[in-house]
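>>> Provide a 3D model corresponding to the input given below.
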Amino acid sequence: MTSSKSRTSPKSRLVVLAGPTAVGKGTVAAYIRKNFPEVWVSVSMTTRKPRPREIDGTHYHFVDDGQFEGMRAAGEFLEWAVVHHQAKYGTPRGPVDEALAAGRMALLEIDLQGARQVRQQIPEALFVFLAPPSWDELVRRLRGRGTESEEERQVRLTTARQELAAQKEFDVTIVNDNVQQASEELVSLIRA
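You can find the predicted model right below:
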C-alpha cells in the first residue's frame, strides 16, 4: 500500500481541525463547506444518534456499531476513536485519499484523538487547534446546545479540559470568537 503522501498532487493540502467539544468545529466546517466550495470537507462516521437538524451524509454518516466495526476491522478508517466514553467516530480513508490525489484542498474536522492518529500517518498535514475565547464561553456553548444531559455535559467538560491542554501539539491556533472570521482565517491557512 502506498502512503497518502505519494498519492497527493503538488496542489493538494490536508488540514486537520481539532479542538474541545462545543468549540464550534462543526459550525466552522459547515461555513467553509457553504462558502468555500474549493475546499473539500470530510464527513466523519459516527455510531451516535443524530442531533436535531443533523442530516445523514452532510453532518455525519450515521451508522450502527456493526457497520462501524466492519469498516474498522477492514482498515478503512484514517482515524477512529471512542469519544466521551460513548460513541465511535471515524474518518473513512478512501474519500480523503481521493480528494488529495485529485489535488484538492482537504479539511478534516475531528477530535484530539483522531488528530493524533492522523499525525502518525500524514505528518506533513497542517494541524490547527480551534480554541474558545474563554472557558466560560465554552461552557455556555455546550449548555446552549441543549442536546446532552447534565451527566453527558460533565463528561464532555472533563474531556474538554484535557483537550485544551493539548493545544501546544498543534501547528496553529485559531480562536473561535466569530465563526466567519475563524473560518476565513482557516481557509487562508488551507490556501497557503
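>>> helices of the chain, residue ranges please.
Assigned by DSSP state H, the helices in the chain fall at 4-7, 25-35, 65-73, 93-101, 112-121, 135-145, 150-165, 179-191.
>>> residue 14: which of these is closest?
helix 93-101 (6.2 Å; CB to CB). No exception for glycine: its C-beta is placed from N, CA and C like everyone else's.
>>> what angle separates that closest one from helix 65-73?
50 degrees (axes from the mean of the first three to the mean of the last three CA atoms, to 10 degrees).
>>> and helix 93-101, what does it pack against?
Helix 93-101 sits against helix 4-7, strand 77-83, strand 105-109, with contacts defined as 3 or more CB pairs under 8 Å, 6 or more residues apart in numbering; DSSP states H and E.
>>> repeat that with 10 Å
Applying 3 or more CB pairs under 10 Å, 6 or more residues apart in numbering; DSSP states H and E, we find helix 93-101 packed against helix 4-7, strand 13-18, strand 39-41, strand 77-83, strand 105-109.
>>> strands paired with the third one, and their directions?
Put plainly, it is strand 39-41. Strand 39-41 has these partner strands in its sheet, going by DSSP bridges: strand 105-109 (parallel).
>>> centre of the chain versus the strand it pairs with, how much separation?
How far strand 105-109 lies from its chain's middle: 8 Å, per CA atoms, centre = their mean, to the nearest Å.
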